[in-house]
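Engineer: Provided below for reference: sequence and predicted model.
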Amino acid sequence: MEVMITENSNHLKTNDEAKARNWGLICYALYGFSVVVFISIFIGLLLNYKLKPTIRGTITESHFTWQIRTFWYTAILFVLGIATAYINLGYLLIMGGIILLCTRSIWGAFRLYRNQPM
């Protein structure tokens, strides 16, 4: 069985990958912006879950998984931080969550920009 790839179908695949990459970068920006406006992380998470089925098979798929995990790791640190704030350990956990969020967002966006999977 021979598979023919025409110029149009190859262009469509490249166009779909470019769209997926752009959505990934938008989600990274929303995650990073959440340090200033907290609600933007939820918008990024909703986009991750909504668009994940449409980006299957692209490099961006691993980035969406990375972003979703970043949200949950950060959420766990924030909840633990709030629960232990009365003994002053919570502030360190919340700060650790912010650092984790920023680091993973910057590192992921850098790798996606260079077309590298996570």
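Structural biologist: Ah, there it is.
Engineer: what residue is smack in the middle of the chain?
Structural biologist: residue 67 (2.7 Å; C-alpha atoms, centre = their mean).
Engineer: go through the top helix by length along the chain and flag the buried ones.
Structural biologist: In the chain, assigned by DSSP state H, the helix with the most residues is helix 7-33. Neighbour-count burial for helix 7-33 flags 17, 20, 21, 23, 24, 25, 27, 28, 30, 31, 32, 33 (criterion: 16 or more other C-beta atoms under 10 Å). C-beta here means a position set from N, CA and C on the backbone, and glycine is covered the same way.
Engineer: and stretch 99-117, by the same measure?
Structural biologist: Judged by neighbour count (16+ other C-beta under 10 Å), stretch 99-117 contains these buried residues: 101, 102, 104, 105, 108, 109, 111, 112.
Engineer: turn the residues you listed into TSV, columns for distance to residue 76.
Structural biologist: As requested, the buried residues of stretch 99-117 are exported to TSV (distance: C-beta to C-beta, whole Å):
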residue	distance to residue 76
101	12
102	16
104	13
105	17
108	18
109	22
111	23
112	24
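Engineer: among the residues you listed, which are in helices?
Structural biologist: Those of the buried residues of stretch 99-117 mapping onto helices are 101, 102, 104, 105, 108, 109, 111, 112, per DSSP H.
Engineer: which of those lies closest to residue 87?
Structural biologist: The closest of these to residue 87 turns out to be residue 101 (C-beta to C-beta; 23.1 Å).
Engineer: model confidence for the closest one, exactly?
Structural biologist: If you check residue 101, the pLDDT there is 93.
Engineer: in space, what's closest to it - neighbours in sequence excluded?
Structural biologist: residue 74 (4.7 Å; C-beta to C-beta, 6 or more residues apart in numbering).
Engineer: what's near enough to touch the closest residue to residue 92 other than its chain neighbours?
Structural biologist: Take residue 92 and drop its neighbours on the chain: the residue closest to it by C-beta to C-beta, 6+ apart is residue 81, 7.6 Å away. By C-beta atoms under 8 Å, 6 or more residues apart in numbering, residue 81 lies in contact with 89, 90, 91, 92, 93, 94, 96, 97.
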